[in-house]
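S.K.: I would like to see how this sequence folds:
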Amino acid sequence: MNKSYLAFFRFLKPHTFLLALIIITSLIYTALRVLSYMVIPEILVALEPTYSPDSMTINNKTLADFVGMFKAWMFSVTAGYPHLRRITYMALIVAVLFILKNVTDYIRRVITSWFELSVVTDMRREVFDHLIRLPLAHLGKKKSGHYVSILTNDIMLILVSIKRVFENLITEPAFIIGVIYSILMISWKLSMLIFITVPVFGLLMMKIAQSLGRKSERVMRQNDDYLAVINETIIGFKTFKAFLAERFQINRYLRELLKLKRLQFKQSVIKSLNMPLAEMIGSFLVVGIIILGAYFQQQEGLRGADLITILMSLILLMEPIKKIGTVVNEFKVAMVSVERVTHILNTPIDAAQYGHRSKKQFEEVIRFDIRSYQHDGDDDEGFMLRDIRFSIARGEQVALVGPSGSGKTTLAELLARFYRVEDGAITIDGININDIDNKDYRRLISVVNQDSFLLNDTIEKNITMTDEAVDRSRLENAARMAHIQSYIDQQKDGYDSVISEHGANLSGGQKQRISIARTIFADTPIVILDEATSALDSESEKYIQNAIDSLRANKTLLIIAHRLSTIIHSDKIIVMNAGRIVEMGTHKELLVQNGYYKRLYEIQFNTEK
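M.R.: Predicted structure coming up:
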């Protein structure tokens, strides 16, 4: 957990100037707060008609006793005035103290608010920037709710913690020290009772905080599962409707919700100990001071005003002690969140896995020489690919076909470098793709997936995927080649028309054509098409096929196809089954071989016929 503290303070470092202002204003506020409360008992004593400045003895007027020095100054400037005027002047001095205290408090809170928002904004930006660069292999190990929870719930807990810490963890301890020091100046014997009691309370708070940290970690893990169910519900809304599965999903949701409720209740039970314990210890302390104070008043002549000051100080101490306990608990919870955030930031990004060799152009050939491949965490026998060896020459269209689960998509994802080949290699012009600089590699290859991903943004942004100004003719050419220009022309705002979330206002074919337009605009020499036409009607498939033909003119294509009719003109067809290549050749060559491909083709041809 010490690493979490270091990570927390790392985020504070860029804002040291604001932090210094918070500390300065907090100390000024605390000094004014101590003064404003500690002089009130003297004014109460001065209300007595028998009051005389000569009867008031302030034992210490040194700089060390700033409260005593301030009292002495207040008595000296009001001395010589009639009783009522003297009381009025004293009251005005206290009023000025309270005004200054609250103005300083306002300034302190405004600075703290800007500080906490700046820290959390930097944290959110850094986490999101890092998260989007993580390898797919890492993202797949966690539920989607885990990352949503960190970017929302965890960082919000950190925000609240920063607010509490810098609003209270400077002022409240300083106030406690100031008050205890003032009591020490009045009676060191009575202050000993405080010095014994406060550490006991502190020890109890530490034990509570440790238990709270453990329970908070379990709450956060359960919150990940809870958010994952919500995410599933939103994504699969149509499926639940279509299969009358609303009750099924409600039950799943309720199970996770009730687990979360139980864990949060256990966390709350520990949190709730803080306030009652503080008040109970404080009440014992007050009783002890009253008994001892009465004794010292009789035996050692302790002034009544001093005893009132001490009792009032103890009452004032209860609230800051309770606040400190609450802040410590919240900070402990926040450190669990910081640890989760730090875990993401410490995970190497995608680019860090690869080399920095420059590769600007694709010139000759892609070669696959993969002995075996399995995803991280799979069993030793769970190989997804075995003995994959073939090549794709520049300008060729190569198709991957085979039943579901045969390894087609996995192979394409390895070429796209979504996952890393360890046992074997994929090379481009003789260079292992793991050695190529990440930016250079992304400019060599692009992917069109079966499920088109679209932003809730304009058509232009969905095609260009950039905020920078782009060449309009290049944009329009990409739209025309993808056969989506006619749809754009029909829209009132043209390229500025906003696409709904997940492309809800588009048909499947329109979404796919925008994805292909994105690939054409990217102008990479290598393009992967993963089941680009499998879920489309015949008319949409025709448009997509025309768009693919446009790509073929000057690109190297790797196509994963379900419908064999779309790839019969490919330069090479690779037939896969159970993670292996079982056949390879052109459409005609494979039919002549009278093997697995021919059976697949005949089944589809007879079905379509």
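
S.K.: ends of stretch 401-408, how far apart?
M.R.: End-to-end span of stretch 401-408 (Cα to Cα, to the nearest Å): 7 Å.

S.K.: How about residues contacting it?
M.R.: 384-385, 388, 400, 560-561, 564, 567, 573-580, 582, 597, 600 (Cβ atoms under 8 Å, 6 or more residues apart in numbering). Where C-beta positions appear, they are placed from N, C-alpha and C, glycine not excepted.

S.K.: Give the buried subset of the residues you listed as a ChimeraX selection command.
M.R.: In ChimeraX syntax, the buried subset of these is picked out as below (16 or more other Cβ atoms under 10 Å):
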select :384,385,388,400,560,561,564,567,573,574,575,576,577,579,597,600
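
S.K.: Out of the contacts of stretch 401-408, name the ones that lie in strands.
M.R.: Using DSSP state E, the members of these that fall in strands are 385, 388, 400, 560, 573, 574, 575, 576, 577, 580, 582.

S.K.: Let me have those in CSV, adding pLDDT as columns.
M.R.: Compiled in CSV, those are given as follows (pLDDT from 0 to 100):
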residue, pLDDT
385, 91
388, 93
400, 94
560, 91
573, 94
574, 94
575, 94
576, 92
577, 91
580, 93
582, 94
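
S.K.: State the pair within the residues you listed that is farthest apart.
M.R.: 385 and 573 (17.8 Å; Cβ to Cβ).

S.K.: how about residue 529, secondary structure?
M.R.: strand (DSSP: H, G, I helix; E, B strand; the rest coil).

S.K.: quick one, what contacts it?
M.R.: Applying Cβ under 8 Å, 6+ apart, the residues contacting residue 529 are 448, 548, 557, 558, 559, 560.

S.K.: hang on, the earlier thing: what is the nearest of the ones in strands among the contacts of stretch 401-408 to residue 136?
M.R.: For the ones in strands among the contacts of stretch 401-408, the nearest to residue 136 is residue 385 (16.1 Å; Cβ to Cβ).

S.K.: Tell me who's in contact with that closest one.
M.R.: 370, 372, 373, 407, 410, 411, 414, 579, 580.

S.K.: you'd agree the first one is up against residue 419?
M.R.: Pointing back at residue 370 there. No: the pair residue 370 and residue 419 does not pass the contact test of Cβ atoms under 8 Å, sitting 11.3 Å apart.

S.K.: So for those two, which residue has more residues nearby?
M.R.: residue 370 (21 against 18; other Cβ atoms under 10 Å).

S.K.: what about that one, distance to residue 399?
M.R.: Per Cβ to Cβ, to the nearest Å, residue 370 is found 18 Å from residue 399.

S.K.: Over to residue 443?
M.R.: 24 Å.

S.K.: Can you classify the residue lying closest to residue 166 once chain neighbours are set aside by secondary structure?
M.R.: Nearest non-adjacent residue to residue 166, counting by Cβ to Cβ, 6 or more residues apart in numbering: residue 112, 4.9 Å away. At residue 112 the chain is in helix, as set by three-state DSSP.

S.K.: who's in contact with residue 112?
M.R.: 22, 163, 166, 167.

S.K.: nearest residue to residue 148 other than its sequence neighbours?
M.R.: residue 227 (5.1 Å).

S.K.: that older thread, and the contacts of residue 385, which of them are in helices?
M.R.: 410, 411, 414 (DSSP state H).

S.K.: Hmm, the first one is touching residue 372, no?
M.R.: It refers to residue 410. No: using Cβ under 8 Å, residue 410 is not in contact with residue 372; the gap is 11.7 Å.

S.K.: ok so, going back, could the contacts of residue 385 be laid out in TSV, adding distance to residue 82?
M.R.: Supplementary listing: the contacts of residue 385 in TSV, determined by distance: Cβ to Cβ, whole Å:
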residue	distance to residue 82
370	100
372	100
373	96
407	100
410	95
411	99
414	95
579	102
580	107
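
S.K.: For those residues, which two are the farthest from each other?
M.R.: 414 and 580 (14.7 Å).

S.K.: quick one: average pLDDT of stretch 317-329?
M.R.: For stretch 317-329, mean pLDDT rounds to 76.

S.K.: from the chain's centre, how far out does that stretch sit?
M.R.: In terms of Cα atoms, centre = their mean, to the nearest Å, the centre of stretch 317-329 is found 28 Å from the chain centre.

S.K.: Now do the contacts for the nearest residue to residue 483 once chain neighbours are set aside.
M.R.: Using Cβ to Cβ, 6+ apart and skipping the chain neighbours, the partner closest in space to residue 483 is residue 543 (4.5 Å). Contact analysis of residue 543 by Cβ under 8 Å, 6+ apart lists 483, 509, 513.

S.K.: Helices of the stretch 301-450 of the chain, residue ranges please.
M.R.: In the stretch 301-450 of the chain, the helices defined using DSSP state H, counting those that start in this stretch lie at 304-346, 408-415, 438-442.
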